[in-house]
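Student: attaching a predicted model along with its sequence, questions to come.
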Amino acid sequence: MAKKESSLKNMLIALFSVTFIASASLGLVENATRGAIAEAARIKQEKAIKAVLPEFDKLGDAFMVKPKSGPDSLEVFPAYKGSEVVGMAIKTYTNSGFSGHISVMAGFKPDGTISGYSVLEHKETPGLGTKMVTWFRDATKAKQNVIGKNPGNINLTVSKDGGDVDAITAATISSRAFLDALQRAYDSVKDIDASTMKGGSK
Amino acid sequence: MSKFLTISPSPHVKGEESVQKIMLWVILAMVPAMVWSFVVFGMGAIITTSVAILSCVFFEYAISRFILKTENSVGDLSAFLTGMLLAFNVPSSLPIWMIIIGALVAIGIGKLSFGGLGNNPFNPALVGRVFLLISFPVDMTSWPVNNNSGVDGVTGATPLGLVKEAISSGTPISQLTDQVPSNMDLFFGNIGGSLGEISAIALILGALFMLYKKVITWHIPVSILGTMFVFAGLLWTVDSEQFMNPMFHLLTGGAMLGALYMATDMVTSPMTPKGQLIYGIGIGIITISIRVFGAYPEGISFAILIMNAVTPLLNRYCKPKDFGRRAK
Amino acid sequence: MSVTILYTIVTLSAIGVLAATILYLTAQKFKVYEDPRIDDVDEALPGANCGGCGYAGCRAFAEACVSKNELSDLFCPVGGNDCMTDIAGILGLEAIKKDPRVAVVRCNGTCENRPKTNTYDGAVSCAIASSLYGGDTNCSFGCLGCGDCVEVCDFDAIKMDPETGLPVVIDDKCVACGACVDACPRDLIELRRKMPKDRKIFVGCRNMDKGAAAKKACTVACIGCTKCAKECPFDAITIENNLAFIDSDKCKLCRKCVVVCPTNAIQELNFPPRKVKAEKPAAKVEAKPVAKKEKPAATNNEESTEPKN
Amino acid sequence: MSKQNSSLKKIKHSGIVSRIEGATIIVSITNKSACASCHANGTCTSADKQDKEIEVHNYEGSVKVGNHVEVICNQEMGIKALFLGYLLPFLLVMLVLITATIITDREEIAGISALAVLVPYYIVLALLKQKIKKSFTFSINRVLE
Amino acid sequence: MLKTFKIGGVHPAENKFSAGKQIETLPIPDMVTVPIAQHIGAPSTPVVKKGDEVKVGQLLAQSAGFVSANIHSPVSGKVFKIDDVLDSSGYKKKAIIIKVEGDEWEETIDRSTDLVKQTDLSPKEIVDRVAQSGIVGLGGATFPTHVKLAVPQGMTAEMLLINAVECEPYLTADHQLMMEKGAEIMVGIDLLMKAIGVKKAIIGIENNKPDAIKHLSQLAKEYAGVEVCALKVQYPQGGEKQLINAATGREVPSGALPISVGCVVNNVGTAYAVYEAVMKNKPLFERVVTVTGKSVSKPSNFMARVGMSVSQLVEAAGGLPEDTGKVISGGPMMGKALVTTDVPVTKGTSGVLIMREEEATRRTMKNCIRCAKCVSACPMGLEPYLLMTYAEKKMWEESEDSFVMDCIECGSCSYTCPADRPLLDYIRLGKGTVGQIMRSRKK
Amino acid sequence: MNQMNNFTKGFIKENPVFVLLLGMCPTLGVTSSAINGLGMGLATTFVLVMANIVVSMVKNFIPDKVRIPSFIVIIATFVTIVELVMKGYLPALFDSLGLFIPLIVVNCVVLGRAEAFASKNNLLSSLIDGLGMGLGFAFALTLLGGVREFLGAGTIFNMTVYPEKYGMLLFILAPGAFIALGYLIAIINHFRKA
Amino acid sequence: MEYIVIIIAAILSNNIVLAQFLGICPFLGVSKKISTAVGMTGAVTFVMTLATIVTYLVQKFVLDPFGLGFLQTISFILIIASLVQLVEIVLKKVSPSLYQALGVFLPLITTNCAILGVAILTIQNDYNLMEGVVYAIASAVGFGVALILFAGLREHLDLINVPKGMKGTPVALIVAGILAMAFMGFAGLV
Ligand SMILES: Cc1cc2nc3c(=O)[nH]c(=O)nc-3n(C[C@H](O)[C@H](O)[C@H](O)COP(=O)(O)O)c2cc1C
Ligand SMILES: Cc1cc2nc3c(=O)[nH]c(=O)nc-3n(C[C@H](O)[C@H](O)[C@H](O)COP(=O)(O)O)c2cc1C
Ligand SMILES: Cc1cc2nc3c(=O)[nH]c(=O)nc-3n(C[C@H](O)[C@H](O)[C@H](O)COP(=O)(O)O)c2cc1C
Ligand SMILES: Cc1cc2nc3c(=O)[nH]c(=O)nc-3n(C[C@H](O)[C@H](O)[C@H](O)CO)c2cc1C
Ligand code: SF4
Ligand code: SF4
Ligand code: SF4
Ligand code: SF4
Ligand code: FES
């Protein structure tokens, strides 16, 4: 087939059809994947929440709280077993990581003890700062494990700064930042009276 | 006359200097600091130094002989010197295999990849050291405590590390006075740190010898230390609770070692006095910036490497004093 | 169909058509129309980028071929006639045929033929040695042996023979780019017509001194005696400045001149041994000039036949 | 700087004489895109090439159409061109952007007015066409072939 | 502090073994070889032919252009032949070979040793005499002196500088000449001042010749405007640009001649030759030559006739030692290595230096370690390490832009380089090639 | 043209990364591990193959002068598709490749092949060419990622080879990317020429 | 303060070339001469700023309101490509001589990852317009710093005898690697 010559009409037609087809197919693909993308995001979030809280059967409505320090509000997800609040997952953050922003999902039992955490987003150095993903929940190392501890009772800072938690070797900065994020979460929710949030309100 | 006459273009006489001699003078200049490190850190220092030197010399020989297939240049002693400086830049407790990796990086990547002595744009020993620092931050920042008894295994912080920790956790400097060693201790080397950097006096003695032998000129050391002093001094005047005094900055960490022995490496520093002054000022500013504002307690290695990268530009734009060309 | 798809189509088509129009307009305004034949020619070229054709590189040569639209003064010495025929085919033009050429070193001043009189100890560079003095022998026309020619050859086609101290051209690798010709400060290297089986006959000497002086400096020097010129049936030999020169375009390899030369200055390479001489191989060893002269021929032979099998 | 290499002060570019109009020689140079200096530009055509024509006045030597020549201009000229072509409009855009942000605090207005300021800028440039022309002159350094 | 030039310089071991040795006159040999190219510029044209009888001082070859010089016979005898012979350049050049018979001088030459001070010649006449007598610069460059004395239109000379620096190690010819012929030199200076029309002359002498400084200062008292300037010992103070800079603080601009800063520079030997030519009518056919070296048994200063074989001088100084590795015509920094000692002495031969084998060979070169020693040694403010690289890589444009043409070939860079790089070898190559390119561009 | 040759040339002879030095940003940016390299490589391969197919199909409809804009649109479409699909089904990989997925658009390998090959050849050849080039790219990225992961963390595809404490962290970080690629190219050049 | 953090991060600790790997092609390609490197920096600054402003507006006022975030890639690339070309056309029309001078001085700027990357990152980092612009400028400066340093080093490499196998790209990459390593010293500087 002969090549189309470059007349203005031909070109406009060609261009228009290319963009048209492109946009149409993109729209279709977007349509098709939208559900999956939203689902993936939801699963991710739910997984994170599951990982940090004790067993629950249903999540309540998420709400925002204003932290004591820092500009951005934190999102809180209350979890219920029956109508009992069994814990709250808080999406907290810090900006003092070695490479800036770190986002953590932290779980607290109603009494304020930490039930778990998972690091959602960070840019820390592989091999150093990245260790925080597991470091602070190593049940065999009492001095570095934060699970089951209550920030109200212990000093949630690294031992170098006089606190009760051992920092990651050679990554004190990341450790400090991580603990800062936890502390922020604790401070923002410690005054919420869990019992007032009756489950199944909706 | 038994043989043919020799013909060559003029000049027919040659000065006394040779590459080997220059390197030898630097090595000799470093002996006091080395001896001091042996005294302070004992066996660890001796092992570290000898492993570093041996492996640098070995890699220089092996790589040029078997990979590049060029004449090996072990004889010019520059690999020996690189090894010595590498050892000076690491804690005496560094595992031996890490030292060997450092030597391989210094010689293989830092030097021979560019064609050997004289061609490398970056200081090989520092390439090795920074590589180690980034790759093995834990071991590279575990300092054996400086106790003359030579007991191994106890680690402590360097004065710079101590201060960095304290400041970043919000402790004002006035509360640190009992932890930070006195200037006298810093000067004579009664502190923890990398093997060769601890005793300012030993390093200065050696540098005076190099100055006397005309291996180095005053421009680089003076501009580095001067800039550090002024910059740190400014910060200190602004807030002496947040920032350490300038003398402390000069005497701690690698300031002396870097300014006197590593920034002065002729291969990687600018050619003209003017270029050297700018180079030194750059190193000074970057070093203090990293120390004070950055994540690392010490920044002189990075500062020297960065200014090494600027050196070609300085060579390009800072020309020697001209003769009869000004009018043009 | 969801409303998003509609938006998508509208937005994207708008952006797309707008952007594409701008892109198109620019393309129309600026884009160099690059003759696709340039690519084809470029592909046909050997890609050595040696500059032997006189252009900055193969691409520049390809552009020249296409833009000039005739090939009369364009020739790629590396690709040779085959390559030029291909190019002519691509462009539908007539290629001119050039006889393939090969570099020849016109000096046979080996250690025996040309005794050393001093030792050179300057920078290893023929250009420098040559600007300093007449060289480390009494011949101020001969090879200086620092290998400037070897240095410039991009094709590894010229090597220093450590035994003779003279450069040797490896015929199979030489593409006649002429880089070495320019590099030699003594003008020793000549591009000569390539003959069958790499045979060659040439005057291996550039010494323009008078006969006696030349002969004193080097046993195989050309003394300008004109015997060869008289002998040559094809008028291929001219004598100028006490020096004979054999025009390779006229020479028919009859080897007559070789025999008459009183100093063995004319070299014959890659020929089968002469019957008369083959009978007395022992004589060769005694007659040093001859023996030595055959030497580079031998190396040459070896090297050049090697890649063939 | 008392001494500066003169090669630093000159910018050279080779081109081909495409036309000669009286005293003006028009040299066509191929301007390559940033990617074109990459040696794979044969494979990658996002490496645009554009032909640009450059006018050379007052050349004393003789050239023919088709000659390869080396065109030079001094570095100050390049820097001036850079300033007028990119730096000044950039500064204008920034100025308007900052002012508009401060005054209106609305991003769309600030952004669009910042872009819009380029229109008058280019109009002014167009008006000054002749004047600018005078300050950008090229010369032929040597004939390559 | 003593004066010296502003940048660069080195200080090689002085080794002035022949200092204080009286100038000896050598016996006349049987045969002399007089090259026709003994100066910068066009080779002279022979005016004698084979078989001609010549006398001492008779014209042998005539100046062949503006920058060229006459050549006179150093001996009396018969022209044996005119042929190409190896000269100190290492190439064969044309020379007039004379078989010596007796020692018969031209009558016009005043052979007495009386000091003549008074003359009423005009400047023009002085310059003509200088030109007639074939005087060329004896400081090493052998530039025809009469050309220098003809100050170009539009320029004015302000002062004469006498180059008595002798900064080359080993050489003592100028030094000894000053000690023995001080009075004549002063007259020569007076004549030169007159010729170029200046009232001021400075004699630059390095501080390692205190006796010469004292002696000439004494003599200079009689001459208004002539002063002696003691200089710090520093090579290459003898380079004219450096000398001007050291003595006056002026800088000769790049590519310009000394006259552009109002100076004319002449060597002391030249001044003496001018005296002899003008006052005694004696053309230039002999000069002082130092023969020296660590292994030379009798380092000496000789008055040698042009055309004598270098080997004769060497014999007179005790013969060529067993372990000789190199024979140099001139000093160790600027001199030329000789292929053989069978080359003639010329007007430019200031010394013959014999080096032992172990001194003679260079060490193999290593990579440049960027120590910048060459940069700080270069008296012209160049960057030799770069210039060498440019030459190695054939980057001629960059060489030109880095002012390779300003190099005075003093060799301070090569001397000082710890990596034993043959810097000057390559820079000279660069200079030559760039010079050619520049010339071809002018055309 | 020989289809086999068409396919294999992308691996060594005309490898886009090692030989042609194209698409250096993703090459350096995503290769901190073998798996990331592979993921990025495959994503690029997909775009390359699809773009090649479509371009060779529509080549005759598109007038020369709007070729490049049309190609850009086509490529960008496929990139977006990859982006959407990955986000939906491989969210973890998408997170680690991040910015470099959209940047496939400007990867010269893609546009280059479309323009230089697909717009001149038939569908089958274009498909094979795209596949070969893409897999060559993927191969290079995986190799580089593997080397960096091995040297830096002691693992390959997350399988531990030696204890992590011996790993040279630098190789996982930015400088390691440059250095590892530098030596890889040197080694490959050596063997290619030999 | 916010701006200083953005600036220092983009130039030093998070340098667009040495830490983020954007714009490697021009970094390796246009770095042969220092003067060109300087010119490139100026040109890239202008284009990057413009591109960021335009793409920001499109994202915030076209794509986002209609829920078309997924069209980011395709629309940005088209916009940037045409913007770059538009600048050239306009310049050529309004001042041919200026355009000629630039042509001799600089290579063309084409859409490269750096420009597209910065536009996308501005959106991803949730910068507002002003922050985005500052980020774009700082990135361009960071690009320039890396480019100019590298150009100087390349000129040095041209003058030395690099071992055969390392010549060209390999040694350039090693230099870039060591440079990146040195820049890691700025980590945490903000
Ligand atoms: C390349 C590199 C990356 C680093 N990344 C981190 C990091 O992610 N988190 C951290 O806390 N420290 C990191 N550090 C280490 C810090 O710079 C610093 O050395 C450390 O915080 C010192 O404190 P420590 O040894 O007391 O923990 C890194 C160091 C290097 C060399
Ligand atoms: C490096 C160098 C060193 C020189 N040293 C001397 C010297 O020591 N004595 C001297 O008379 N001329 C020396 N000259 C030559 C002078 O530059 C100049 O040519 C001479 O003084 C001019 O005088 P003339 O023409 O009378 O020889 C030297 C030249 C150079 C380039
Ligand atoms: C072409 C040429 C013309 C010269 N013309 C003059 C002149 O007119 N006046 C002058 O004083 N010297 C003149 N000189 C001499 C130089 O200044 C200088 O003395 C000579 O080259 C030797 O100097 P040197 O021994 O320092 O190298 C000329 C030299 C050359 C090469
Ligand atoms: C004054 C001086 C300082 C030196 N400093 C260093 C150094 O810091 N690191 C190093 O590897 N080599 C050093 N060297 C040795 C040598 O220059 C170095 O190995 C080269 O950079 C290798 O090409 C130094 C040499 C001298 C003369
Ligand atoms: S030998 Fe000479 S002519 Fe032949 S390829 Fe080599 S450089 Fe070219
Ligand atoms: S042939 Fe010429 S270039 Fe080659 S070594 Fe001999 S003199 Fe040198
Ligand atoms: S020889 Fe030339 S470059 Fe070397 S020091 Fe002397 S003037 Fe400078
Ligand atoms: S003196 Fe030698 S080693 Fe030093 S910079 Fe100059 S050339 Fe290089
Ligand atoms: S791949 Fe990033 S600029 Fe080319």
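Tutor: Cool, got the structure. If you're wondering where the values come from, they're calculated on a predicted model, not measured in any experiment. Ligands and ions are numbered 1, 2, ... in the order given.
Student: how far away is E:Pro72 from C:Ile96?
Tutor: Pro isn't right for residue E:72; it's His. Here E:His72 is placed at a distance of 61 Å from C:Ile96 (CB to CB, to the nearest Å). In short, each C-beta sits where N, CA and C put it, glycine included.
Student: between these two, which is the more surrounded one?
Tutor: More neighbours surround E:His72 than the other of E:His72 and C:Ile96, with 24 against 14 (other CB atoms under 10 Å in any protein chain shown).
Student: quick check: phi and psi on the nearest residue in space to the more buried one that is not next to it in sequence?
Tutor: Nearest residue to E:His72, sequence neighbours excluded (CB to CB, 6 or more residues apart in numbering or on different chains): E:Pro283, at 4.0 Å. Note on E:Pro283: backbone dihedrals following degrees, to the nearest 10 are phi -70, psi 170.
Student: ok and the residue in chain A nearest ligand 2?
Tutor: The minimum distance from chain A to ligand 2, using CB to the nearest ligand atom, falls at A:Thr125 (59.2 Å).
Student: what of the stretch 201-350 of chain E?
Tutor: Per CB to the nearest ligand atom, E:Gly238 is where the stretch 201-350 of chain E lies closest to ligand 2, at 2.3 Å.
Student: where does the closest residue to ligand 7 within chain C land in three-state SS?
Tutor: Among all residues of chain C, C:Ala123 sits closest to ligand 7, at 13.6 Å; criterion: CB to the nearest ligand atom. Following DSSP: H, G, I helix; E, B strand; the rest coil, we place C:Ala123 in the coil state.
Student: return the distance of it relative to ligand 9.
Tutor: C:Ala123 is 43 Å from ligand 9, where distance means CB to the nearest ligand atom, to the nearest Å.
Student: before we move on, back to that, mind listing what the residue of the stretch 201-350 of chain E closest to ligand 2 touches?
Tutor: Contacts for E:Gly238 (CB atoms under 8 Å, 6 or more residues apart in numbering or on different chains) come out as E:Gly139, E:Gly140, E:Asn163, E:Val165, E:Glu166, E:Cys167, E:Glu168.
Student: in strands, which of these fall?
Tutor: E:Asn163 (DSSP state E).
Student: the contacts of E:Gly238 into a markdown table, with extra columns for neighbour count, pLDDT and distance to C:Gly47?
Tutor: As requested, the contacts of E:Gly238 are exported to a markdown table (neighbours: other CB atoms under 10 Å in any protein chain shown; pLDDT from 0 to 100; distance: CB to CB, whole Å):
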| residue | neighbour count | pLDDT | distance to C:Gly47 |
| --- | --- | --- | --- |
| E:Gly139 | 24 | 88 | 56 |
| E:Gly140 | 21 | 84 | 53 |
| E:Asn163 | 29 | 96 | 59 |
| E:Val165 | 31 | 94 | 59 |
| E:Glu166 | 31 | 93 | 60 |
| E:Cys167 | 28 | 93 | 56 |
| E:Glu168 | 27 | 94 | 54 |
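Student: which of the contacts of E:Gly238 come close to ligand 4?
Tutor: The subset of these within reach of ligand 4, by CB under 6 Å from any ligand atom, is empty.
Student: looking at the contacts of E:Gly238, which is nearest ligand 6?
Tutor: The shortest gap between ligand 6 and any of these belongs to E:Gly140, at 29.7 Å (CB to the nearest ligand atom).
Student: how about that closest one, phi and psi?
Tutor: According to degrees, to the nearest 10, E:Gly140 has phi 130, psi -30.
Student: show the contacting residues for it.
Tutor: So E:Gly140 contacts E:Gly238, E:Asn267, E:Gly330, E:Met334, E:Gly348, E:Ser350 (CB under 8 Å, 6+ apart).
Student: and the two most separated of these?
Tutor: Within the contacts of E:Gly140, E:Gly238 and E:Gly348 form the most distant pair, 14.2 Å apart (CB to CB).
Student: please go through chain D and pick out the longest strand.
Tutor: Chain D, longest strand under DSSP E: strand D:10-21.
Student: just chain A next, same as before
Tutor: Of all the segments assigned as strand in chain A under DSSP E, the longest by residue count is strand A:84-97.
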